[in-house]
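J.: Just to be clear, the model below is a prediction. Sequence and coordinates:
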Amino acid sequence: MSAGDGGGPPRISADPDRCLGAGQCARSAPDVFDQDDDGTVVVLRPDPPTETHDQIREAIYLCPSSAISFDAAE
Amino acid sequence: MINEETGAALDAPAFPQERTCPYEPPPGYAELRERGPLSKITLFDGRTAWVVTGHAEARSLLVDSRISADTQNPDFPFLSQARAATTRQRTIVTMDPPEHDVHRRMLIPSFTLRKINALRPTIERVVDELLDGITARRPPLDLVSEFAVPVPSMVICALLGVPYDDHEFFERQTRRIAISANDRTDAMAALGELFGYLDGLVKSKEEDPGDGLLDELIESQLRPGNLTREEIILTSIVLLLAGHENTANMIALGTVTLLRHPAELDALRADPELISGAVDELLRYTAVADTMSRVATADIEIAGHVIRAGDGVILPNAAINRDAAAFADPDRFDVRRSPVRHHNTFGYGVHQCLGQHLARLELEIVFSRLFERLPTLRLAVPVEELEIKPAGGAQGVFELPVTW
């Protein structure tokens, strides 16, 4: 798993232009992701607590438009 | 070498294939899987196409920009003459990005997790009222016509703003489109009738607006000229069909699957918290939307093969969902399976089912309430006697006689 390897604590990034509102992330990790009124991904917690990391990895795997990622900070 | 019965090349079996058990993949899928994650099949018109049985390969292809859903591409692989005739129109189902994304974004706001969760009381009322009617009657009855079809039909009507009083008309047309395998004329006539009906509905809504999604689209997209009248009508047809046909099939096949796996049904009854995972396991296991079709627009190297530009690619979900590389002990039905949500029944990539949260919520409420209200529910005929819908369209049963 790359998330959390090296660098600082992992950070979430989301690309609203790629997002097609499937809502998988809000279902997998409801404390970390939400959808705005247009259905586009909203990151509630860019520095999410460790106990949500598995949910976040699931959200990334299930996202059908590869709109979210989880990277170790520089 | 040619198989004399099917006319198919021996190294490319005929496709689509009929199920022999309503909730299990056709027996021939085992042989397709033995040939590897990608192999060749022969379509009704004698063309060969790729068939994908590998989960990882399907995911990879469904997000590949060289894979197209455009049914107007002359190389697009159709599963039957009727499908070739009725799926040519440009809709969100058959558009590629970027055009697809513009149209999908017009609909997404109505299908977010929050918007759908707000429908829970409406869906619970629909389900409870239907079950009140059923429990007041004497068994047996047909669960398809009395429950599996009315639940999603009432819900999608409320969401779209289509009068439920017209349900017999559009359910009949949907059935004609969905099950006519080779009767192209009949399928086209049914589509024409639906088109005419929705054209009339849009006209009357323009004069006297209601509060459904269709009314919103008229106000926000038709009036400013973002969508044409024809586009609004085609979008409505797609939502109406997808909204009730697939969910109705899932309710019927889900019920059969649970009744045929009593230990799993007991586990679900003992722990209602399992319902969400159980619904996804039912979606994985029964794969009612069995087959998606695509066409390659450029050469693609995958799993030691080269898909050439112009090749057809067929993705049967009942095979993809049973790939042991993605699901341990894949032929076992297990309401506690975890993870399970990566099944392909809703598809993957930009076309992944827009209504998946709605479908899941309807199914969660349906299976919770159905077995609570009818604890002794059972099939009234042997499962072998259930008539299965023809291959190549949405999978399901025509009737489901039950007793209690």
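T.: Alright, I've got the coordinates.

J.: Every contact and neighbour count from this point should use C-alpha atoms.
T.: Noted.

J.: residue ranges with poor pLDDT in the chain?
T.: Using chain A here. By pLDDT under 70, the low-scoring segments of chain A are A:1-8, A:72-74.

J.: let's do chain B instead
T.: Checking chain B against pLDDT under 70 turns up B:1-10, B:180-182.

J.: just the strands in it please.
T.: B:38-42, B:48-52, B:67-68, B:141-142, B:291-296, B:300-302, B:305-307, B:312-316, B:378-379, B:401-403 (DSSP state E).

J.: Mind checking these for the one nearest to chain A?
T.: Checking the strands of chain B against chain A by C-alpha to the nearest C-alpha gives strand B:67-68 as the closest, at 14.3 Å.

J.: separation between B:Pro97 and B:Ser338?
T.: B:Pro97 sits at a distance of 33 Å from B:Ser338 (criterion: C-alpha to C-alpha, to the nearest Å).

J.: Comparing the strands of chain B, which comes out most buried?
T.: strand B:312-316 (a mean of 26; mean count of other C-alpha atoms under 10 Å in any protein chain shown).

J.: Direction included, what does that strand pair up with?
T.: strand B:48-52 (parallel), strand B:291-296 (antiparallel) (DSSP bridges).

J.: relative to strand B:38-42, how tilted is the first one?
T.: In other words, strand B:48-52. 140 degrees (axes from the mean of the first three to the mean of the last three C-alpha atoms, to 10 degrees).

J.: Please compute how far strand B:48-52 lies from its chain's middle.
T.: 20 Å (C-alpha atoms, centre = their mean, to the nearest Å).

J.: swap in stretch B:372-384?
T.: Computed by C-alpha atoms, centre = their mean, the separation of stretch B:372-384 from the middle of its chain amounts to 24 Å.

J.: what does stretch A:62-71 give?
T.: For stretch A:62-71, the distance to the chain centre is 7 Å (C-alpha atoms, centre = their mean).

J.: now do the same end-to-end measure for it.
T.: Per C-alpha to C-alpha, stretch A:62-71 runs 17 Å from first to last residue.

J.: Could you list the residues of chain A in contact with chain B?
T.: Residues of chain A found near chain B (C-alpha under 8 Å from any C-alpha of the partner chain) are A:20-23, A:26-27, A:35, A:37-39, A:62, A:64-65.

J.: what's the burial count for B:Arg19?
T.: Under the neighbour criterion other C-alpha atoms under 10 Å in any protein chain shown, B:Arg19 is assigned a count of 19.

J.: ok, it - contacts?
T.: Counting by C-alpha atoms under 8 Å, 6 or more residues apart in numbering or on different chains, B:Arg19 touches B:Pro25, B:Pro26, B:Pro27, B:Ile388, B:Ala391.

J.: For it, give its distance to chain A.
T.: Separation of B:Arg19 from chain A (C-alpha to the nearest C-alpha, to the nearest Å): 29 Å.

J.: any idea how far that residue is from B:Glu387?
T.: 10 Å.

J.: so how many other residues sit close to B:Val127?
T.: Each residue near B:Val127 was counted by other C-alpha under 10 Å, and the total is 24.

J.: List the contacts of the residue of the stretch 251-400 of chain B found nearest chain A.
T.: Proximity to chain A, evaluated over the stretch 251-400 of chain B using C-alpha to the nearest C-alpha, is greatest for B:Gly349 at 4.4 Å. Contacts for B:Gly349 (C-alpha under 8 Å, 6+ apart) come out as A:Pro64, A:Ser65, B:Arg59, B:Leu62, B:Val63.

J.: The first one touches B:Val350, doesn't it?
T.: Yes - distance between A:Pro64 and B:Val350: 6.3 Å, which falls inside the contact criterion (C-alpha atoms under 8 Å).

J.: Which residues are in contact with each of the two?
T.: In terms of C-alpha under 8 Å, 6+ apart, A:Pro64 and B:Val350 are both contacted by the residues B:Val63.

J.: Quick check, B:Ala49 in contact with B:Ala309.
T.: No - judged on C-alpha under 8 Å, B:Ala49 makes no contact with B:Ala309 at a distance of 11.8 Å.

J.: which bits of the stretch 301-404 of chain B sit near chain A?
T.: B:Arg341, B:His342, B:Tyr348, B:Gly349, B:Val350, B:Gln352, B:Cys353, B:Leu354.

J.: Packing partners of the helix or strand encompassing A:Val42?
T.: Per DSSP states H and E, A:Val42 falls inside strand A:41-43. Packing partners of strand A:41-43 (3 or more C-alpha pairs under 8 Å, 6 or more residues apart in numbering or on different chains; DSSP states H and E): strand A:10-14, strand A:33-35.

J.: who's in contact with the last one?
T.: Same thing as strand A:33-35. Contact with strand A:33-35 is made by A:Gly21, A:Gly23, A:Cys25, A:Ala26, A:Val41, A:Val42, A:Val43, A:Leu44, A:Arg45, B:Thr112, B:Leu113, as judged by C-alpha under 8 Å, 6+ apart.

J.: quick one: which two of these are the most distant?
T.: Within the contacts of strand A:33-35, A:Arg45 and B:Thr112 form the most distant pair, 19.5 Å apart (C-alpha to C-alpha).

J.: Looking at the two, which is more packed in?
T.: B:Thr112 (27 against 13).

J.: Leaving aside the residues adjacent along the chain, what's closest to whichever residue of the stretch 101-250 of chain B sits closest to chain A?
T.: Residue nearest to chain A within the stretch 101-250 of chain B: B:Pro109 (4.6 Å; C-alpha to the nearest C-alpha). Closest residue to B:Pro109 apart from its sequence neighbours, by C-alpha to C-alpha, 6 or more residues apart in numbering or on different chains: A:Asp38 at 4.6 Å.

J.: since we're on that neighbour, how many residues are nearby?
T.: That count, for A:Asp38 with other C-alpha under 10 Å as the rule, works out to 16.

J.: would it count as being in a strand?
T.: No - using DSSP: H, G, I helix; E, B strand; the rest coil, the assignment for A:Asp38 is coil, not a strand.

J.: if I look at it, how far off is B:Leu160?
T.: According to C-alpha to C-alpha, A:Asp38 and B:Leu160 sit 18 Å apart.

J.: Does anything pack onto the longest helix anywhere in chain A? Which helices or strands?
T.: Counting residues, the longest helix found in chain A (DSSP state H) is helix A:53-62. Using 3+ C-alpha pairs under 8 Å, 6+ apart as the contact test, the elements touching helix A:53-62 are helix A:24-28, strand A:68-72.
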